[in-house]
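1. Here you go, sequence then predicted model.
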Amino acid sequence: MTNPKLIAIVLLIGLYSCGERQTENRNHMAAIELNNDAMRMVRFLDNRDSAQKGISLLDRATSLDSNYFLGYYNKLIFYNQLREYDNAIITVNKLIRLKPNAHDLYLTGGLLREKTGDSTGAKAFFEKSLTLSNQVLETMNPGNPDYEMVIGNKAMNLIMLNERSTAVQLLKDMYESQTGDEAKGNILKLMNSSKRELIEQF
């Protein structure tokens with residue numbers, strides 16, 4: 001014989017889960033709208049009030065959806081413009097929580113820490129980024145559209161870790177495989193950049 005109490009409990013759990021998913025979906029959609037509004041402020045990025053308004057909109061977006069990766073990522077644009085590097089570091093840490101194997105986030109975290117004068121903390125981030133970049137490259141075909149970007153990030157990590165000669169050789173190999181002038185120019189620029197220049201360019 002079926003237990004009516006058990007059926008009622010199962011139904012209540014199902015209804016609660018469904019309601020929770022609907023709320024999450026509504027919050028996510030509202031977060032997207034707020035992000036879109038914030039991105040309209042990018043055109044006025046040089047205006048401090050516009051940048052702060054963008055951050056305010058994105059704060060609301062990530063409050064609604066604490067897993068909204070793009071919302072956190074776009075905050076970096078505004079924090080960097082305002083030179084609020086401590087807040088940018090907090091934001092990168094949240095991004096890493098969401099994507100712990102994203103080598104580019106650790107590179108960004110390292111560069112931001114360099115901007116605050118925390119070279120010791122930055123080194124750990126560059127080392128982690130380099131490790132993850134190497135893992136990606138081990139399984140990535142050179143024909144992959146992201147291959148050169150990962151090589152470029154690896155080279156940046158090597159430069160920041162004082163392994164310049166290794167970075168230059170890596171970039172030379174990539175340079176020789178290029179046919180376009182723009183790509184070659186970008187590689188040469190990276191090849192000739194010092195640690196300080198990379199931090200300033202970021």
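-> Okay, I see it. All values reported here derive from a predicted model rather than from experimental measurement. Residues are numbered from 1 along each chain as shown.
2. Worst mean pLDDT across the helices and strands of this protein, which element?
-> Least confident helix or strand of the chain, by mean pLDDT, DSSP states H and E, is helix 4-39 with a mean of 68.
3. so what secondary structure elements neighbour the helix or strand that that one is followed by?
-> Using DSSP states H and E, the helix or strand that follows helix 4-39 in sequence is helix 48-64. With contacts taken as 3 or more Cβ pairs under 8 Å, 6 or more residues apart in numbering; DSSP states H and E, helix 48-64 sits against helix 4-39, helix 69-81. In short, each C-beta sits where N, CA and C put it, glycine included.
4. One more pass at 10 Å, please.
-> Helices and strands touching helix 48-64, by 3 or more Cβ pairs under 10 Å, 6 or more residues apart in numbering; DSSP states H and E, are helix 4-39, helix 69-81, helix 85-98.
5. Show me the shaky parts of the protein.
-> Low-confidence segments of the chain, defined by pLDDT under 70: 1-24.
6. Recalculate using a threshold of 50.
-> Low-confidence segments of the chain (pLDDT under 50): 1, 6, 8-13, 15-20.
7. Contact partners for the most centrally placed residue in the chain?
-> Centroid check for the chain by Cα atoms, centre = their mean gives residue 105 as the closest residue, at 4.3 Å. Counting by Cβ atoms under 10 Å, 6 or more residues apart in numbering, residue 105 touches 73, 76, 92-99, 125, 128-129, 132.
8. Please pick the buried ones from those residues.
-> Burial of the contacts of residue 105 was assessed by neighbour count (16 or more other Cβ atoms under 10 Å); the buried members are 73, 76, 92, 94-96, 125, 128-129, 132.
9. Save those residues as CSV, and put in distance to residue 152 too.
-> As requested, the buried ones among the contacts of residue 105 are exported to CSV (distance: Cβ to Cβ, whole Å):
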residue, distance to residue 152
73, 19
76, 19
92, 19
94, 25
95, 20
96, 20
125, 17
128, 17
129, 12
132, 14
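10. count of residues packed around the nearest residue to residue 140 once chain neighbours are set aside?
-> Nearest non-adjacent residue to residue 140, counting by Cβ to Cβ, 6 or more residues apart in numbering: residue 147, 5.6 Å away. By the criterion of other Cβ atoms under 10 Å, residue 147 has 15 neighbours.
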